[in-house]
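A.B. asks: this one's structure only:
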């Protein structure tokens, strides 16, 4: 709390510095800086305000009482279920309850799906586990049957993930249902920790954090740690205002609450936050618990990261443009309006770096400065450090160490968020156009072409700035600022290049293996031909029929 208060003071101090009339520089760079940093300052203050409320604990007396009574040892012993926790009956308000566990899949790797389905089946408490396969894979069907889960394949893919869940709701009847993405494996105690919150009748859903177990690359660490403050502090703070929202996985819903709004919202691929706001408008309550109850995978490729951020940002901007939380039509409390507005405008922070990147080149090429020349550089740096450094300290305290990967991704992802804003404004979804053979691995540079152009421009600008500083004998902050921006983008593109090189090596290996298998098949055919005619009379066959046990 002390660090958050100091960070708040730093934000306010920088705001007074940048808006002081005597500090105004040339109009264009000053306008870019003010536009970008107004959003950053506003978001920082709102985030810090939310973090100050993160000490709120939603586990009240009814929660602890319901948790103690969830399993009845005498009933478990009487039914001989001691060795099978996944069949233990669960009770809320002294009545047995039913739970459906949905694992949503769409083309994920079989090993990933196996891990999640096996973990879902092992959750303590009696429940049905259903694999909702929008990829229509026979291999996934066979895997579900092998493990003992139910398999659901709907007739079409209408409504994407939301439609998949709504279809499953139409063929099940559990009082509660949990949702897991195919790459998030739940812990055995998932229901034991979450269901007791539903002892309060107006609780619509209980959300748990996304925690990642694959932080072994620069990109996966950056995208994973990017959300650490959100899940550690901000979502917890939203509990205080009944504004914690669903993030699409690791969540349990009350069926009646979802039925009250007509099902999971299907008109956006960010069905999670849209469903949340509709539930809050209907007077339902949400709970966020910081207990780590599922571990999954964060994006490991540029393509996966770009698509994830594009989807999330588009959904947030859609809320802002199509369902403005400040509108009088919204049946929300003042606190909820502010919290949803913060969420809907959060990804404008991702666009801000694009504006700030243009400021140093304006000074290097045209001698246009955002701050008046009479303001000492040391004064500007002092206020600037108070603004950014203290927020870094808060993040440092949350994550335990400084994560440069997060800073790199946050500074390099602005084209994704600009595209997301365009998608939300035009109500069109960008299609990634890729050249090459069908089914081949996509080059990560397909998703980073804007960053390449900006990097080349910044690199040339740094060279020009260094030459200008050498000729004039004067060094300025703009050159250092531009060089730092060039370095950050360069690191991002280096990661992209390494990924592209690995993808090329995989493609070469795949083609080599395919050619070797083709040669082996030809040799077998030649050998069979040389051996003479083969008896083609039918031979008896045996058919094995089996199913899930």
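C.D. replies: Nice, thanks for sending it over. The structure displayed is predicted, hence computed values, not measured ones.

A.B. asks: So what touches the helix or strand harbouring residue 459?
C.D. replies: According to DSSP states H and E, residue 459 maps onto helix 449-472. With Cβ atoms under 8 Å, 6 or more residues apart in numbering as the test, helix 449-472 has contacts from 357, 360-361, 364-365, 412, 415, 445, 475-476, 478-479, 482-483, 485-486, 489-490, 492-493, 496. In this view, the C-beta of every residue, glycine as well, is placed from N, C-alpha and C.

A.B. asks: Return the subset of the residues you listed lying in strands.
C.D. replies: Taking DSSP state E, every one of those sits outside strands.

A.B. asks: buried set for stretch 149-164?
C.D. replies: Neighbour counts over stretch 149-164 (16 or more other Cβ atoms under 10 Å) mark 149, 150, 151, 152, 153, 154, 159, 161, 162, 163, 164 as buried.

A.B. asks: For the stretch 151-300 of the chain, give me the ranges with low pLDDT.
C.D. replies: By pLDDT under 70, the stretch 151-300 of the chain contains no weakly predicted segment.

A.B. asks: And the helices in it?
C.D. replies: Listed in chain order, the helices of the stretch 151-300 of the chain (DSSP state H, counting those that start in this stretch) span 160-170, 190-194, 218-225, 228-229, 235-239, 255-260, 271-281.

A.B. asks: Make CSV from those helices and add distance to residue 22 to it.
C.D. replies: As requested, these are exported to CSV (distance: least, Cβ to Cβ, whole Å):
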stretch, distance to residue 22
helix 160-170, 53
helix 190-194, 55
helix 218-225, 39
helix 228-229, 35
helix 235-239, 37
helix 255-260, 55
helix 271-281, 43
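
A.B. asks: So which of the ones you listed is nearest residue 21?
C.D. replies: Closest to residue 21 of those, according to Cβ to Cβ: helix 228-229, at 34.1 Å.

A.B. asks: Low-confidence stretches in the protein?
C.D. replies: Looking at the chain by pLDDT under 70, you get 391, 395, 398-402, 429-442, 507, 510, 513-514, 521, 528-549.

A.B. asks: in it, which helix has the most residues?
C.D. replies: Looking across the chain with DSSP state H, the single longest helix is helix 477-530.

A.B. asks: which SSE is residue 129 in?
C.D. replies: Going by DSSP H and E, residue 129 is part of strand 128-133.

A.B. asks: so how many other residues sit close to the residue lying closest to residue 33 once chain neighbours are set aside?
C.D. replies: Excluding its sequence neighbours, the residue lying closest to residue 33 (Cβ to Cβ, 6 or more residues apart in numbering) is residue 370, at 4.3 Å. Using other Cβ atoms under 10 Å, residue 370 has 25 other residues around it.

A.B. asks: so what's residue 370 up against?
C.D. replies: Applying Cβ under 8 Å, 6+ apart, the residues contacting residue 370 are 25, 26, 29, 30, 32, 33, 359, 363.

A.B. asks: how close does it get to residue 465?
C.D. replies: Between residue 370 and residue 465 the distance is 16 Å, computed by Cβ to Cβ, to the nearest Å.

A.B. asks: cool, residue 24 as well?
C.D. replies: The spacing between residue 24 and residue 465, counted by Cβ to Cβ, is 23 Å.

A.B. asks: Between these two, point out the one with more neighbours.
C.D. replies: It is residue 465, of residue 24 and residue 465, that has more neighbours when counted by other Cβ under 10 Å, with 24 against 16.

A.B. asks: returning to what we had before: now the contacts of helix 449-472: which count as buried?
C.D. replies: For these, buried by 16+ other Cβ under 10 Å: 357, 360-361, 364, 412, 415, 476, 478-479, 482-483, 485-486, 489-490, 492-493, 496.

A.B. asks: Need the contact partners of stretch 157-170.
C.D. replies: Contacts to stretch 157-170, defined as Cβ under 8 Å, 6+ apart, come from residues 100, 102, 104, 106, 130, 132, 134, 152, 154, 177, 179, 248, 255, 258, 263-266, 269, 271, 275.

A.B. asks: how far out from the middle of the chain is that stretch?
C.D. replies: Average the C-alpha atoms of stretch 157-170, do the same for its chain, and the two points are 20 Å apart (Cα atoms, centre = their mean, to the nearest Å).

A.B. asks: Strands along the stretch 51-200 of the chain, start to end?
C.D. replies: Taking DSSP state E, counting those that start in this stretch as the test, the strands found in the stretch 51-200 of the chain are 90-92, 95-97, 99-105, 128-133, 150-152, 176-181, 184-186.

A.B. asks: List just the one of those that sits closest to residue 209.
C.D. replies: Closest to residue 209 of these is strand 184-186 (Cβ to Cβ; 10.6 Å).

A.B. asks: Each with direction, which strands does that closest one pair with?
C.D. replies: Under the criterion DSSP bridges, strand 184-186 sits next to strand 294-296 (antiparallel) in its sheet.

A.B. asks: so how far is the partner strand from its chain's centroid?
C.D. replies: Centre-to-centre, strand 294-296 and its host chain are 13 Å apart (Cα atoms, centre = their mean).

A.B. asks: now swap in stretch 232-247 and tell me
C.D. replies: 16 Å.

A.B. asks: can you check stretch 44-61 too?
C.D. replies: The chain centroid and the centroid of stretch 44-61 are separated by 21 Å under Cα atoms, centre = their mean.

A.B. asks: residues making contact with it?
C.D. replies: With Cβ under 8 Å, 6+ apart as the test, stretch 44-61 has contacts from 1, 4-5, 7-8, 11-12, 197, 200, 229, 233-234, 236-241, 287-289, 338-339, 342, 387, 391, 394.

A.B. asks: which parts of that stretch are buried?
C.D. replies: Applying a neighbour-count criterion of 16+ other Cβ under 10 Å, one finds 44, 45, 46, 47, 48, 50, 51, 53, 54, 58 buried in stretch 44-61.

A.B. asks: Just give the closest residue to residue 336, not the sequence neighbours.
C.D. replies: Leaving aside its sequence neighbours, residue 336 sits nearest to residue 243 (Cβ to Cβ, 6+ apart; 4.8 Å).

A.B. asks: Near that neighbour, how many other residues are there?
C.D. replies: 26.

A.B. asks: what sits against it?
C.D. replies: 280, 286, 335, 336, 339, 340.

A.B. asks: Pull up the gap between the last one and residue 95, please.
C.D. replies: For residue 340, the distance to residue 95 equals 34 Å [Cβ to Cβ].

A.B. asks: When the two are compared, which one has more neighbours?
C.D. replies: The neighbour comparison of residue 340 against residue 95 (other Cβ under 10 Å) goes to residue 340, with 27 against 7.

A.B. asks: would you list the buried residues of stretch 149-164 in JSON lines and tack on distance to residue 38?
C.D. replies: Output for those, formatted as JSON lines (distance: Cβ to Cβ, whole Å):
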{"residue": "149", "distance to residue 38": "51"}
{"residue": "150", "distance to residue 38": "52"}
{"residue": "151", "distance to residue 38": "52"}
{"residue": "152", "distance to residue 38": "48"}
{"residue": "153", "distance to residue 38": "50"}
{"residue": "154", "distance to residue 38": "46"}
{"residue": "159", "distance to residue 38": "37"}
{"residue": "161", "distance to residue 38": "35"}
{"residue": "162", "distance to residue 38": "35"}
{"residue": "163", "distance to residue 38": "39"}
{"residue": "164", "distance to residue 38": "40"}
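
A.B. asks: quick one on the thing from earlier: let me have the strands of the stretch 51-200 of the chain in JSON lines, extended by distance to residue 424.
C.D. replies: JSON lines is the format used below for the strands of the stretch 51-200 of the chain (distance: least, Cβ to Cβ, whole Å):
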{"stretch": "strand 90-92", "distance to residue 424": "40"}
{"stretch": "strand 95-97", "distance to residue 424": "39"}
{"stretch": "strand 99-105", "distance to residue 424": "24"}
{"stretch": "strand 128-133", "distance to residue 424": "27"}
{"stretch": "strand 150-152", "distance to residue 424": "31"}
{"stretch": "strand 176-181", "distance to residue 424": "23"}
{"stretch": "strand 184-186", "distance to residue 424": "27"}
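
A.B. asks: Filter the contacts of residue 370 down to the ones in helices?
C.D. replies: Counted as lying in helices by DSSP H, out of the contacts of residue 370, are 29, 30, 32, 33, 359, 363.
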